[in-house]
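Colleague: After the sequence you'll find the predicted model.
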Amino acid sequence: MDPAGAAAILGSLGDLREISSILYCMQPAASALVLEQMEEKTAADITAMMLG
């Protein structure tokens, strides 16, 4: 699946904690590509959750 498709599917979940958990389990390069496809604020919020 391409990063844009993955971002769309993850975005439809609506739960940022769940999305951050999924991305945290992915390879860093892959999760970065998915985060690039998300809205800036959403990606920042998810990244903060992954770091905290």
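Modeller: Received, thanks.

Colleague: which residues in this protein form helices?
Modeller: 3-13, 16-25, 28-36, 40-51 (DSSP state H).

Colleague: Pull the distance from the last one to the chain's centre.
Modeller: Same thing as helix 40-51. 8 Å (Cα atoms, centre = their mean, to the nearest Å).

Colleague: coming back round to it: save the helices of the chain as CSV, and put in mean pLDDT and mean neighbour count too.
Modeller: C-beta here means a position set from N, CA and C on the backbone, and glycine is covered the same way. Output for these, formatted as CSV (pLDDT from 0 to 100; neighbours: other Cβ atoms under 10 Å):
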stretch, mean pLDDT, mean neighbour count
helix 3-13, 96, 15
helix 16-25, 96, 15
helix 28-36, 97, 15
helix 40-51, 96, 14
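
Colleague: quick one: the nearest residue to residue 9 once chain neighbours are set aside from residue 52, how far?
Modeller: With sequence-adjacent residues excluded and distances taken as Cβ to Cβ, 6 or more residues apart in numbering, residue 9 is closest to residue 1, at 7.9 Å. Distance, residue 1 to residue 52, using Cβ to Cβ, to the nearest Å: 27 Å.

Colleague: Cheers, nothing more for now.
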